[in-house]
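A.B. asks: A predicted structure for the sequence below; I have some questions about it.
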Amino acid sequence: MPEVPKITPFAYYLLLLTGWMALAPAGLRASEDVTAAWELLARHQPSEAAARLSAPSGAGEREAALARAVVMLATPPVSAHRLQEVADQLGKLAAGDDEIASAAAYLTGRLYQVYFFQPDYPRAAQAYEQLAARHPDSNWAQLGLVKLALLRLYALPEPAEPAARLAAAEALLARLTRPDLQRDLHIVLGRAALFHGQPTDRVLAHLLAADRIGGMAGLKRGELQLQIAELSRREGRWEQARTFFQRFAAENEADGRLYTVNLKLAEIAARTPGGKTRP
């Protein structure tokens, strides 16, 4: 297992903001006021955070500028004019070469993807692509590649054909270095393949790859097991279906779906006399 980096208040808040409770890099050198501001933002207190950002200086100034931009984004009411101000501030910060630049570039993508009243998906995709080109090993760039995959799968006008959309998103797998994000992208790709009506073999290839990477627990792990099991059952892959239904049953003894799972296990047993795995 790789060493788990510490999550700073800055990283914690930005991950809350963007919906990704993933690991973020540590090592930021912020002042006490900036650190306190991130903690206040994480507690949904933007006004109090703004008060702590009155006059930071020195090593924490760029992080403070990023925090001010986020305060603007988090303080209602948010107008189109304010969103543009935030975009301008993030653009200036993204021109640097430090972690603040990577975070600002990532947030620029998120801004155009979900915060503007009229999303600009091509500009969001451009932000993620530029971030990955400039800082490919940054955790923010890695997160951005998964967001870029979602845009390619569902939002960008081109490519329009479903198989081509999937191929464009699959190409991003080779650029991911974090196993947890590789796993997450495999799940995204598998479910997108199902959504776009692609062959079940293509769906299962991604879901099985996600299972091999592992690292999930609880409901997410159970959902993946059930999806693999059910798709395998529909394809007549009886032993694979049995394996994943049994894993789910062993790990989720109190789940309300266990009765249905046991019925399907009984069906599989009836269909595989003598150990046959296909009809």
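C.D. replies: In hand now; what should we look at?
A.B. asks: what residues are up against the closest residue to Pro162 other than its chain neighbours?
C.D. replies: Excluding the flanking residues, the one nearest Pro162 by C-beta to C-beta, 6 or more residues apart in numbering is His196, at 3.6 Å. The way it works is simple: take the backbone N, C-alpha and C, and place the C-beta from them, glycine included. The contact partners of His196, taken as C-beta atoms under 8 Å, 6 or more residues apart in numbering, are 153, 162-163, 165-166.
A.B. asks: What of Ser79?
C.D. replies: Listed by C-beta under 8 Å, 6+ apart, Ser79 has no contact partners.
A.B. asks: Could you report the distance from it to Tyr106?
C.D. replies: Between Ser79 and Tyr106 the distance is 23 Å, computed by C-beta to C-beta, to the nearest Å.
A.B. asks: try Pro46
C.D. replies: The separation that Pro46 has from Tyr106, given C-beta to C-beta, amounts to 20 Å.
A.B. asks: Same drill for those two, tell me which one is more crowded.
C.D. replies: Neighbours per residue, other C-beta atoms under 10 Å: of Pro46 and Tyr106, the larger number sits with Tyr106, 28 against 19.
A.B. asks: right, and the more buried one touches Asn139 too?
C.D. replies: No: assessed by C-beta atoms under 8 Å, Tyr106 is found out of contact with Asn139, at 9.0 Å.
A.B. asks: Can you pull out the low-pLDDT segments for this protein?
C.D. replies: 1-31, 55-59, 274-279 (pLDDT under 70).
A.B. asks: can you give me the helices in it?
C.D. replies: Along the chain, the stretches classed as helices by DSSP state H are 9-18, 32-42, 46-51, 61-74, 80-94, 99-110, 121-134, 139-150, 162-170, 179-195, 200-213, 218-234, 238-251, 258-271.
A.B. asks: list the buried ones in the fifth one?
C.D. replies: Neighbour-count burial for helix 80-94 flags 83, 86-87, 89-90, 93-94 (criterion: 16 or more other C-beta atoms under 10 Å).
A.B. asks: can I get these in a markdown table with distance to Gly215?
C.D. replies: Formatted as a markdown table, these follow (distance: C-beta to C-beta, whole Å):
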| residue | distance to Gly215 |
| --- | --- |
| Leu83 | 35 |
| Val86 | 34 |
| Ala87 | 34 |
| Gln89 | 35 |
| Leu90 | 31 |
| Leu93 | 32 |
| Ala94 | 30 |
